[in-house]
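Visitor: attaching a predicted model along with its sequence, questions to come.
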Amino acid sequence: MKLIIAYIQPERLTDVKKALFAEEVFKISVTNSLGCGQQKGFHEVYRGVEEEVNLLKKVRIEIAVNDNFVDRTIKAIIQGAKSGNIGDGKIFVVTLEQCIRIRTGDTGSSAIG
């Protein structure tokens, strides 16, 4: 079992969801987040005052999958999120020690599916 965490551009979320659904990955969690990386932010002028904005809006997607879904999930996220520009995002894959479905008490791979 793996936990896949992806940070993507907010405007690419619909495309990522479509790509995931096409790969039969339906269970996802989405959170708005702020962060900075290679983009380093930008400068803007508000009411005559210049401000540096270095925390940019991103979307964090978390998906718990069984091992046989890892590659297809990563492929779908890349397909939906990639624009070829700096700031497309990152994907992290973390080993998931345990998963428990609260409703039934199922554990392990059967709790994810």
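Guide: Thanks, I have the structure now.
Visitor: what comes into contact with stretch 63-78?
Guide: Contacts to stretch 63-78, defined as CB atoms under 8 Å, 6 or more residues apart in numbering, come from residues 1-4, 6, 8, 16, 19-20, 22-25, 27-29, 61, 91, 93, 96, 99, 109, 112-113. From N, CA and C alone the C-beta is placed, and that goes for glycine too.
Visitor: again, 7 Å this time
Guide: Stretch 63-78 is contacted from outside by 1-4, 6, 16, 19-20, 22-23, 25, 27-28, 91, 93, 96, 99, 109, 112-113, using CB atoms under 7 Å, 6 or more residues apart in numbering.
Visitor: now do stretch 94-111
Guide: Residues from elsewhere that reach stretch 94-111, judged by CB under 7 Å, 6+ apart: Met1, Lys2, Leu3, Ile5, Ala64, Asn66, Ile112.
Visitor: could you report the separation of the third one from Asn54?
Guide: What it means is Leu3. Distance check for Leu3 against Asn54: by CB to CB, to the nearest Å, it reads 28 Å.
Visitor: rewinding a little: what about burial for the contacts of stretch 63-78, which qualify?
Guide: Listed as buried from the contacts of stretch 63-78 are 1-4, 6, 16, 19-20, 23, 25, 28, 96, 99, 112; burial here means 16 or more other CB atoms under 10 Å.
Visitor: adding secondary structure and distance to Gly105, write the residues you listed out as TSV.
Guide: Formatted as TSV, the entries for the buried ones among the contacts of stretch 63-78 read as follows, by DSSP: H, G, I helix; E, B strand; the rest coil; distance: CB to CB, whole Å:
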residue	secondary structure	distance to Gly105
Met1	coil	17
Lys2	strand	22
Leu3	strand	20
Ile4	strand	25
Ala6	strand	29
Val16	helix	32
Ala19	helix	33
Leu20	helix	27
Glu23	coil	28
Val25	coil	24
Ile28	coil	23
Leu96	coil	18
Cys99	coil	12
Ile112	helix	14
